[in-house]
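J.: return atomic coordinates for the entry below.
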Amino acid sequence: MRIMEEIIGKEVLDNSAMIIGRVKDVEVDAETNQMEAFIISKGGISESLGLSGNEIVIPFTRVKQIGDKILLEDEMEYDI
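T.: Alright, predicted model coming up:
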């Protein structure tokens, strides 16, 4: 999907403009072909080494806006 290729790598911000991380992957429902969630990489040394322990899943329903960056509806507690 072309849209998924454009989303991967975008920065994700909460509603207070705090950077959560970058989109590493997108979960898609195989039957409906609809996006269900974003896999967010929180960065740091773990990301550069390819380790997956620094990932969080953000349900697509929490997305407020997709542009140059992805803005979420509300704040959430993250272990950053």
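
J.: residue 10 and residue 24, how far apart?
T.: From residue 10 across to residue 24, the span is 10 Å (C-beta to C-beta, to the nearest Å). Heads up, the C-betas are built off the backbone N, CA and C, glycines and all.

J.: for the protein, which strand is longest?
T.: Identified as the longest strand of the chain according to DSSP state E is strand 19-28.

J.: for the protein, name the helix or strand with the lowest mean pLDDT.
T.: Every helix and strand of the chain was ranked by mean pLDDT, DSSP states H and E. The lowest is helix 45-49, at a mean of 51.

J.: residues in a beta bridge with the closest residue to residue 9 other than its chain neighbours, which ones?
T.: With C-beta to C-beta, 6 or more residues apart in numbering as the criterion, residue 9 has its nearest non-adjacent residue at 5.9 Å, and that residue is residue 22. Taking DSSP bridges as the rule, residue 22 bridges to residue 11, residue 41.

J.: just grab the bridge partners of residue 58 for me.
T.: residue 38.

J.: how about the contacts made by it?
T.: Residue 58 is in contact with 12, 20, 37, 38, 40, 72, counting by C-beta atoms under 8 Å, 6 or more residues apart in numbering.

J.: of those, which pair is most distant in space?
T.: Spanning the widest gap among the contacts of residue 58 are 20 and 37, at 13.5 Å by C-beta to C-beta.

J.: looking at the two, which is more packed in?
T.: residue 20 (21 against 18; other C-beta atoms under 10 Å).

J.: now the nearest residue to the more buried one once chain neighbours are set aside: how far from residue 33?
T.: Spatial nearest neighbour of residue 20, chain neighbours left out: residue 12 (4.7 Å); criterion: C-beta to C-beta, 6+ apart. Using C-beta to C-beta, residue 12 is found at 22 Å from residue 33.
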